[in-house]
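S.K.: Here is the input, now give the coordinates:
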Amino acid sequence: MVVVFVSVAFLTGCSAVVSPVSNGFLFTNISAPVGATSNEGSSKMGTGTCVSVLGFVAVGDASIDSAAKSARITKIHHVDYDGFSVLFLYSSFTVKVYGE
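M.R.: Residues are numbered from 1 along each chain as shown. The predicted model follows:
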């Protein structure tokens, strides 16, 4: 029983990438703002995502730069993120960049 608790404690630490704000132990599905600029308008949206499987493998690029480049955005209006996780089995973090 102790081994199970210790294993869960160590493996769930890898899912912290899902949200800098809060994570649920069993399930997390959140959206939140990152920031905004004084640039007006947001007709384009670009995304960047990274995922983690079992806390052993994590891949992707969720940087603001890669999300902006994916939609050819040169003037960023605002940035949001989505976080999703199920136990320590799977987690994803997506950055959404809006702008022109």
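
S.K.: Next, work out how far apart L89 and A58 are.
M.R.: When distance is defined by Cβ to Cβ, to the nearest Å, L89 is 13 Å away from A58. The C-beta positions use only the backbone N, C-alpha and C, and glycine is treated the same way.

S.K.: Name the residue in those two with the higher neighbour count.
M.R.: Set L89 next to A58 and count neighbours by other Cβ atoms under 10 Å: A58 wins out with 15 against 12.

S.K.: Report the beta-bridge partners for that one.
M.R.: S52 (DSSP bridges).

S.K.: what about D65, which SS state?
M.R.: helix (DSSP: H, G, I helix; E, B strand; the rest coil).

S.K.: wait, what's in contact with it?
M.R.: Listed by Cβ atoms under 8 Å, 6 or more residues apart in numbering, D65 has no contact partners.

S.K.: now the strands for the protein?
M.R.: Counting by DSSP state E, the segments of the chain that form strands are 27-36, 44-53, 57-60, 76-86, 90-99.
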